[in-house]
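Novice: sharing a model prediction with you, sequence too.
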Amino acid sequence: MGKTPIIQVRGLTAGYRGGVTLDNVNFDIYRGEIFIILGGSGCGKSTLLKNMIGLHDPYRGQVLIEGKDIVLAEGKRRLQILRKFGVLFQSSALLGSMTIAENIALPLQEYTSLPRETIDFLVRMKLNMVGLRGYEGYLPAELSGGMRKRAGIARAMALDPEILFLDEPSAGLDPVTSAGLDNLIVQFNASLGTTMVVVTHELPSIYSIAHRVIMLDKRAKNIIAEGVPAELRDKSDDPFVRNFFNRQVGEGLSV
Amino acid sequence: MKQAKVSPGYHIAVEKKGAEHWHLKLSGSVSSANSSRFLTDLTNYLSGGPVKDVTLDLGEISYFDSTAAAVIAQTRLRLEKQGSHVRLTNVKPAIQGLFEILNLESLLSEGDRLIEKGPSLIALLGGASLNFINDTRFTFAYLGDVTLALGYAFRYPNKVRWNDAFLYMERTGIEAIPIVLLISFLMGFIMAFQAAVQLRQFGADIFVANLVGLSIVRELGPLMTAIIVAGRSGTAFAAEIGTMKVSEEIDALKVMGLDPTRFLIIPKVLAALITVPTLTLMSDVVGIFGGLVVGVVFLDLTPWGYILQTQRALDILDVFSGYFKSMVFALLISGVGCMRGLQVEGGAQGVGRSTTSAAVSGIFLIILYDALFTLMFNYVKL
């Protein structure tokens, strides 16, 4: 893993409707790492993600993608930055009027000049990758939530982006599929060096995929812990952080 | 024989040992940005007839993404179909890993894609007939539901969600006042103007008041108001309920034991039932006023004379018939709007279709019923 930062968040203050959910947040994400954003609900995980991918503008601060500020970038320069992103939204956000195959082909058709045949082949490859072979012709509404999620991941990965943002990828998936997805994330990261920014609550997946995590807190409006999950669980000074990791592990085992 | 070509990002070196064995050495990086050129180049290099053995050496590839993998896999598939034997050598672990997650072996073994066949004509016809039957059944069931729920609402008025009903009254009624008044005024104005030109030839200026008064109160007032409400609110009802249907909110209500008809539709129907006739009365008054302006300004009639003439022309039954019609229109607009919402299938496009359909069928039904009423009132001499 190289130590060059690919995303730098500097003094980010953000929120909705004038309210502040994140106050002066600073952190770096390094190229090629699997970076996890944690925290209870309402602590600003999604706000942070939306600011990082340029959907919302922060009140103050910068989000630098390879040194370029996404907040200030406009037009072509912004597109160049966005080109590096693949995003899986919480609700999958597949286009409802298009089949699964068309959804995944969309970025490929827009951003490459590959012939139709090759795009078809690529779409099948990607669907194969997420275990959805045979569902090409289905509409998103005809699939289960977990399947939609996987199709969303296939679409996010369509162009092999440099940075993949995954908002709760394993929510709504059964444990087996979820573990398979973790595997996929790790393998994808290993073979393509893709930087992954993942928002998740699933402790098993955190332990199996994370290189580094940050934990946000609602009251502090900031990062309260940063590091490797196993170390945070055992060595954090903050009892809240230790609890978060331990208690949930306990619950996970007893279920 | 050796040849080499440098393209941005990657490099292909070809070594041909007769027609038996070709060795392609690839280096550099191939990604979605240059993969289409990569495909063209690769195809050109390998176009020289069937070769027994082709080796693709990936040893010096520095970056290789899944578009590149697709190009390689496709090329391999094509060559193998021509009878060549293809071998990939020096595959780095990272690339091997990529091949593994993409599960290329299983894709390749599938060979050509199954050709998808569309349904036959008979199946299409059958599907359409079934759809028609289902739609008809749905319409009748819906009518029954709404009638029952309306009956229930009249019997137990305290069970109606009045807060919602008031909200919709504001949306369909109060917010529609400016546009309804403006259009009615202009309708009266235009009609009076057109009539004046004709009637003036016969010195029958004063009868402009009869013409405007009667046609506004009996026909145009209720009709224009209903059409405006259908366009403003019928569509809004369809979009609102349709979006709720798509996001499973309707299902959630059903599971909670709440009847969607009573919960969602009745407040809208009641709101329309109260606001549309009220708007119609306002429209009548302002339409007549539009005629009066023409009469006073262009025909030199006195305002009082115009009003008296209108009073003489109109019977209270004319007003009632318009009022009654507008109540029926209100039922049609809100009923059909909500029904189109409930019929939404699929996602955003379905909502769009239902909204269009709410406007079209709303306006169609209004005109159709207006025609029926005209005939009916003619027979009962109303």
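Specialist: Noted; the coordinates are in hand.
Novice: C-alpha only now, for contacts and for neighbours.
Specialist: OK.
Novice: return the residues of the stretch 1-150 of chain A in contact with chain B.
Specialist: A:96-97, A:111-115, A:118, A:121-122, A:124-126, A:128-129, A:141 (C-alpha under 8 Å from any C-alpha of the partner chain).
Novice: if you set the cut-off to 6 Å instead, what comes out?
Specialist: The interface of the stretch 1-150 of chain A toward chain B, taken as C-alpha under 6 Å from any C-alpha of the partner chain, is made up of A:96, A:113-114, A:122, A:125, A:129, A:141.
Novice: which residue is the nearest non-sequential neighbour of B:Ser354?
Specialist: By the measure of C-alpha to C-alpha, 6 or more residues apart in numbering or on different chains, the closest residue to B:Ser354 outside its immediate chain neighbours is B:Arg340, 5.2 Å from it.
Novice: which helices and strands does the one helix or strand the one you found maps to pack with?
Specialist: For B:Arg340, the enclosing helix or strand under DSSP states H and E is helix B:316-342. Packing partners of helix B:316-342 (3 or more C-alpha pairs under 6 Å, 6 or more residues apart in numbering or on different chains; DSSP states H and E): helix B:235-246, helix B:266-299, helix B:348-379.
Novice: kindly recompute the last result at 8 Å.
Specialist: Helix B:316-342 sits against helix B:121-155, helix B:221-229, helix B:235-246, helix B:266-299, helix B:348-379, with contacts defined as 3 or more C-alpha pairs under 8 Å, 6 or more residues apart in numbering or on different chains; DSSP states H and E.
Novice: can you list those in CSV and add distance to A:Gly15 and mean neighbour count?
Specialist: Formatted as CSV, the entries for the helices and strands packed on helix B:316-342 read as follows, by distance: least, C-alpha to C-alpha, whole Å; neighbours: other C-alpha atoms under 10 Å in any protein chain shown:
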stretch, distance to A:Gly15, mean neighbour count
helix B:121-155, 44, 13
helix B:221-229, 39, 26
helix B:235-246, 27, 24
helix B:266-299, 36, 23
helix B:348-379, 28, 18
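Novice: as a markdown table, the ones you listed with mean pLDDT would be great.
Specialist: Formatted as a markdown table, the entries for the helices and strands packed on helix B:316-342 read as follows, by pLDDT from 0 to 100:
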| stretch | mean pLDDT |
| --- | --- |
| helix B:121-155 | 92 |
| helix B:221-229 | 96 |
| helix B:235-246 | 94 |
| helix B:266-299 | 95 |
| helix B:348-379 | 93 |
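Novice: which one of those helices lies nearest to B:Asn34?
Specialist: Closest of the helices and strands packed on helix B:316-342 to B:Asn34 is helix B:348-379, at 34.9 Å (criterion: C-alpha to C-alpha).
Novice: quick one: closest of the helices and strands packed on helix B:316-342 to A:Asn246.
Specialist: Comparing the helices and strands packed on helix B:316-342 by their distance to A:Asn246 (C-alpha to C-alpha), the top pick is helix B:235-246, with 39.1 Å.
Novice: what sits up against the closest one?
Specialist: Contact partners of helix B:235-246, identified using C-alpha atoms under 8 Å, 6 or more residues apart in numbering or on different chains, comprise B:250-251, B:264, B:268, B:334, B:337-348, B:350-352, B:354-356, B:358-359.
Novice: so how far is it off the chain centroid?
Specialist: The gap between the average C-alpha position of helix B:235-246 and the chain average comes to 10 Å, counting by C-alpha atoms, centre = their mean, to the nearest Å.
Novice: got the buried residues for the helix or strand just after it?
Specialist: Note on helix B:235-246: by DSSP H and E, the next helix or strand toward the C-terminus is helix B:249-255. The neighbour-count check on helix B:249-255 (16 or more other C-alpha atoms under 10 Å in any protein chain shown) flags B:Ile250 as buried.
Novice: ditto for stretch B:31-50
Specialist: The neighbour-count check on stretch B:31-50 (16+ other C-alpha under 10 Å) flags B:31-39, B:41-42, B:45-46, B:50 as buried.
Novice: quick one on the thing from earlier: the helix holding B:Arg340 versus helix B:266-299: what angle between them?
Specialist: When axes from the mean of the first three to the mean of the last three C-alpha atoms, to 10 degrees is applied, the directions of helix B:316-342 and helix B:266-299 differ by 130 degrees.
Novice: off-centre distance for helix B:316-342?
Specialist: Average the C-alpha atoms of helix B:316-342, do the same for its chain, and the two points are 23 Å apart (C-alpha atoms, centre = their mean).
Novice: how close does the closest residue to chain A within the stretch 201-350 of chain B get to A:Tyr59?
Specialist: Residue of the stretch 201-350 of chain B nearest chain A, by C-alpha to the nearest C-alpha: B:Gly347 (5.0 Å). With distances defined as C-alpha to C-alpha, to the nearest Å, the gap from B:Gly347 to A:Tyr59 amounts to 34 Å.
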